[in-house]
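1. Next comes the sequence, and after it the predicted model I'd like to discuss.
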Amino acid sequence: MDGHIIKELEKKLNEVQSLQELDEVRRAYLGSKGSLKLLSKQLGNLPIEERKEQGKFLFSLHEQVESLLNQKEQDLQGIEEEKKLREDAESIGFTPVKVGHLHPITQVIRKMNGIFYQMGYSVMEGPELETDEYNFQRLNVPLNHSARDMQDTIYIEEPNYLLRTQTSSIESHILQNFVPPFKAVIPGRVYRNEKVNKSNHFIFHQYQGVVVMEQTSLKDLFGTFTYLFRALYGEDVKVRYRSKYYPEVEPGAGCDMECFNCNGKGCPVCKYVGWIEMGGSGMIHPSVLQAADLDTSKWMGFAFGLGLDRWVMSKYKITDIRSLLGGNLAYKYYEHENTI
């Protein structure tokens with residue numbers, strides 16, 4: 001049903017030409033007499049267990065509908081602002097001058113979102129202020145676990161409230177709140193008490209992915225990575241995988257790409273090894289699934305966390321991560337594809 005509603009809405013939005021028309025569509029879906037309101041009223045007639053499952057589904061559907069409507073509103077506002085500029089301009093052939101472009105991180109996020117959307121993934125987001133439970137414990141990192149030393153955490157109120165150190169925290173929420181099977185990706189900012197240099201920053205970005213199905217394997221994970229690398233960097237991209245430990249997966253694998261700056265010869269960007277670590281991944285640890293009350297005899301999955309800043313740097317040949325979050329607005333203009 002959700003696919004039918006979303007497809008119907010997308011078709012209507014393609015025909016919308018003004019903010020007034022958009023407001024009518026918004027009321028038809030989200031208004032007091034809208035279709036989603038009518039669906040929510042029907043929940044009371046369902047058995048408790050089915051009501052719970054349908055409630056989660058309806059919440060997700062509401063978020064998707066609202067996101068599509070908000071995006072269309074932004075597009076229409078941009079069109080109307082440009083139209084007003086042209087109407088107010090003097091009759092000397094005035095043409096609005098392009099004075100900016102999307103940030104490279106935003107460009108890459110949109111590109112990656114489009115790639116995963118084509119593979120059937122949902123795009124989600126979550127809180128940057130997290131609890132210890134969702135950031136660590138539900139990811140198989142209990143109190144006093146040595147893996148906590150791998151991440152120098154910035155606490156708001158120790159020991160329970162912190163700035164998320166990884167987008168895996170949103171994976172914890174997804175596993176708890178959604179009924180499998182599902183595939184989702186989550187781009188976002190993360191924070192660690194790091195010393196700032198050319199390759200590290202205390203604010204950086206990750207791109208998380210989580211898949212839970214009845215049957216899946218590392219073959220599916222590596223196939224997903226191969227498709228993503230080639231879509232972003234071309235068919236000739238060189239990638240390798242290494243066995244690596246991460247507490248939330250078992251087995252775990254790190255993925256590296258040949259350094260864009262030295263083509264594998266070794267340089268300061270890759271710390272003279274010829275390869276850049278682009279992220280970590282693996283099969284979701286049974287303890288992580290059990291923490292979300294998922295039956296491990298029925299469900300399995302894989303997850304990955306990509307160092308998004310490094311994907312941006314590799315895409316646009318940026319050699320210093322500090323330039324991504326610095327105050328210098330004089331970015332080179334990056335031409336981006338229509339799919340971004």
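-> Nice, thanks for sending it over. Computed from a predicted model, the values in this text were never measured in an experiment.
2. what's the helix or strand for the residue lying closest to residue 112 once chain neighbours are set aside?
-> The shortest distance from residue 112 to any non-neighbouring residue, by C-beta to C-beta, 6 or more residues apart in numbering, is to residue 207 (6.1 Å). Yep, even glycine has a C-beta here, placed from its N, CA and C like the rest. Following DSSP states H and E, one finds residue 207 within strand 203-213.
3. Packing partners of that strand?
-> Packed against strand 203-213 by the contact rule (3 or more C-beta pairs under 8 Å, 6 or more residues apart in numbering; DSSP states H and E) you find helix 104-118, helix 168-177, strand 182-191, helix 218-233, strand 275-284, strand 300-307, helix 308-316.
4. Identify each buried residue in stretch 68-84, please.
-> 68-69, 72-73, 76 (16 or more other C-beta atoms under 10 Å).
5. show me where the stretch 1-150 of the chain has strands.
-> Assigned strands in the stretch 1-150 of the chain, in chain order: 122-123, 129-131 (criterion: DSSP state E, counting those that start in this stretch).
6. My read is that residue 113 contacts residue 122, right?
-> No - with contact defined as C-beta atoms under 8 Å, residue 113 does not count as touching residue 122 (10.1 Å).
7. who touches both of these two?
-> Common contact partners of residue 113 and residue 122 (C-beta atoms under 8 Å, 6 or more residues apart in numbering): residue 185.
8. any chance of the strands of the stretch 1-150 of the chain in a markdown table, plus mean neighbour count, distance to residue 21 and mean pLDDT?
-> Output for the strands of the stretch 1-150 of the chain, formatted as a markdown table (neighbours: other C-beta atoms under 10 Å; distance: least, C-beta to C-beta, whole Å; pLDDT from 0 to 100):
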| stretch | mean neighbour count | distance to residue 21 | mean pLDDT |
| --- | --- | --- | --- |
| strand 122-123 | 16 | 26 | 95 |
| strand 129-131 | 17 | 38 | 95 |
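9. so which of those comes closest to residue 30?
-> For the strands of the stretch 1-150 of the chain, the distance to residue 30 is smallest for strand 122-123, at 19.4 Å, taking C-beta to C-beta.
10. Just put the buried residues of stretch 68-84 in JSON lines and tack on pLDDT.
-> Converted to JSON lines, the buried residues of stretch 68-84 look like this (pLDDT from 0 to 100):
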{"residue": "68", "pLDDT": "87"}
{"residue": "69", "pLDDT": "87"}
{"residue": "72", "pLDDT": "85"}
{"residue": "73", "pLDDT": "87"}
{"residue": "76", "pLDDT": "84"}
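11. Among these, which are located in helices?
-> 68-69, 72-73, 76 (DSSP state H).
12. Now distance to residue 268 too, for the residues you listed, in CSV please.
-> Putting those into CSV (distance: C-beta to C-beta, whole Å) gives the following:
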residue, distance to residue 268
68, 44
69, 47
72, 45
73, 45
76, 46
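13. of all those residues, which comes closest to residue 126?
-> When these are compared against residue 126 (criterion: C-beta to C-beta), the nearest one is residue 68, at 19.3 Å.
14. Please give me every residue in contact with that closest one.
-> 6, 9-10, 13.
15. ok, back up a step: for residue 221, which of the strands of the stretch 1-150 of the chain is the nearest?
-> strand 122-123 (17.6 Å).
16. can you list contacts of that closest one?
-> Counting by C-beta under 8 Å, 6+ apart, 60, 64, 113, 116-117, 182-187 sit against strand 122-123.
17. So how do I select the buried members of those in PyMOL?
-> Typed into PyMOL, the next command selects the buried ones out of these (criterion: 16+ other C-beta under 10 Å):
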select buried, resi 60+113+116+182+183+184+185+186+187
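18. Tabulate the contacts of strand 122-123 (CSV), appending distance to residue 201.
-> What follows is the contacts of strand 122-123, written out as CSV (distance: C-beta to C-beta, whole Å):
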residue, distance to residue 201
60, 33
64, 32
113, 23
116, 25
117, 28
182, 31
183, 29
184, 26
185, 22
186, 20
187, 16
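19. that older thread, what about the contacts of residue 68, which are in helices?
-> 6, 9-10, 13.
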